[in-house]
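In: The following comprises the amino acid sequence and a computationally predicted model.
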Amino acid sequence: MAGFPCDFSTSLAGMKIHPAGRQINDDKSDGGIKSTAVMAAFLIQRHPPAHHPLQENGSVVGRGTAATVRIEEPSISREHARILYQSGKWRIMDLGSANGTLLNNMPVKGMEVLHDGDVLRLGNATFEFSSGAQHGDSPDTLGCPTFLNAPELRQVVMLVADLKGFTPLSTQLAPVVLATAVRYWCRECQRILESHSAKLDKFIGDCAFAWWNWNTVTTRSQAVMAARALLAIAPPPESVLDCGVALHCGEVALCRMPDASFTLLGAEVNTTFRIEALTRQLKHRVLVSRAFVKDGTDSNSSYSDCGQHFLKGLSLPLDILALNLTPPEGEPEV
């Protein structure tokens, strides 16, 4: 692996963070009552790229002429779904569409709460729900704090995937063949992670770092499925590609970098990279933290206890478990 991400120690003490990530102004007005504006929200369409503003009193998404957010896509019903702001939260409901509505790969049943970064699929069209800006903010700054100014604290699920034996591989293959193989692996990583609703944070050399908004059973299950799919990537001719994967969860800060990109910062990010480094030492392809499995993942996965391990930068040992890809006979499962 080319290296670990920078560890910025940013003090958030005394900073009040709005649930959507904006700083709260303590200045009270109107007789001591704090006024709070409703957060603006958008649907960010992936293909073709587009930003669709949402109305607080309800926006109907569909391909019909009466739809508030009109999408020219045959797989979308005329009135496919409705998104509205109700009881302090943005919510979505399917309007009996022919092809259904998925929220983070799960069918929408009744009225579902939306969170910033959620991935929606209406028919064959994919969108990201984005909120967190006051009315009047432009879509390109929506929910995006400035670098180390107003970071968003988030509970997330993280994944690190790193090619094994990259250094010896680079000496065995011609540069063009090596570059072709790595590019292929990165492209497959991106496809798999996006198909499992992950946000691909960055590629660092031969390593991929991705995360899921919110730490829930659903997002942890998506991370496990993504890890399994990454291991199944078939290498191109003349190359052998295998990777180790680490899964972890915890509180991090989402920050805007000077180049306007976004990244996660915090001790839990570095911990995820350190866990992945253990895959070679422990000879397991997928390692997870105890915190990752504490509140459950998908019902089809089991884990083997690998004991406690000291990781660089941590004063206390961390409980590490291995995802059982094919559970061995007689081995205890966690």
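Out: Arrived safely.
In: what's the first-to-last distance across stretch 309-317?
Out: 5 Å (Cα to Cα, to the nearest Å).
In: buried sites along it?
Out: Buried residues in stretch 309-317, counting neighbours by 16 or more other Cβ atoms under 10 Å, are found at 309, 311. Bear in mind the C-beta positions are built from the backbone N, C-alpha and C, glycine included.
In: Run the chain-centre distance for it.
Out: 25 Å (Cα atoms, centre = their mean, to the nearest Å).
In: ok, now stretch 301-317?
Out: For stretch 301-317, the distance to the chain centre is 23 Å (Cα atoms, centre = their mean).
In: And that stretch, end to end?
Out: End to end - Cα to Cα - stretch 301-317 spans 24 Å.
In: same question, stretch 225-245
Out: 12 Å.
In: Check what contacts that stretch and list those residues.
Out: With contact meaning Cβ atoms under 8 Å, 6 or more residues apart in numbering, stretch 225-245 is reached by 159-165, 169, 173, 177-178, 180-181, 184-185, 188-189, 192-193, 195-196, 198, 210, 247, 276, 279-280, 284-287, 298, 323, 325.
In: please redo it, this time with the cut-off set to 6 Å
Out: With Cβ atoms under 6 Å, 6 or more residues apart in numbering as the test, stretch 225-245 has contacts from 161-164, 177, 181, 184-185, 188, 192-193, 196, 276, 279, 285-286.
In: Could you list which of these belong to helices?
Out: Members of the contacts of stretch 225-245 lying in helices (criterion: DSSP state H): 177, 181, 184, 185, 188, 192, 193, 276, 279.
In: Columns distance to residue 64 on top of those, output as a markdown table?
Out: Below are the ones in helices among the contacts of stretch 225-245 laid out as a markdown table (distance: Cβ to Cβ, whole Å):
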| residue | distance to residue 64 |
| --- | --- |
| 177 | 52 |
| 181 | 47 |
| 184 | 42 |
| 185 | 43 |
| 188 | 37 |
| 192 | 34 |
| 193 | 33 |
| 276 | 48 |
| 279 | 51 |
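In: could those go into JSON lines alongside pLDDT?
Out: Below are the ones in helices among the contacts of stretch 225-245 laid out as JSON lines (pLDDT from 0 to 100):
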{"residue": "177", "pLDDT": "79"}
{"residue": "181", "pLDDT": "82"}
{"residue": "184", "pLDDT": "87"}
{"residue": "185", "pLDDT": "87"}
{"residue": "188", "pLDDT": "91"}
{"residue": "192", "pLDDT": "92"}
{"residue": "193", "pLDDT": "91"}
{"residue": "276", "pLDDT": "94"}
{"residue": "279", "pLDDT": "93"}
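In: Show me which of those residues are buried.
Out: 181, 184, 185, 188, 192, 193, 276, 279.
In: Nearest to residue 44 among the ones in helices among the contacts of stretch 225-245?
Out: Closest approach to residue 44 among these (Cβ to Cβ): residue 193, at 17.2 Å.
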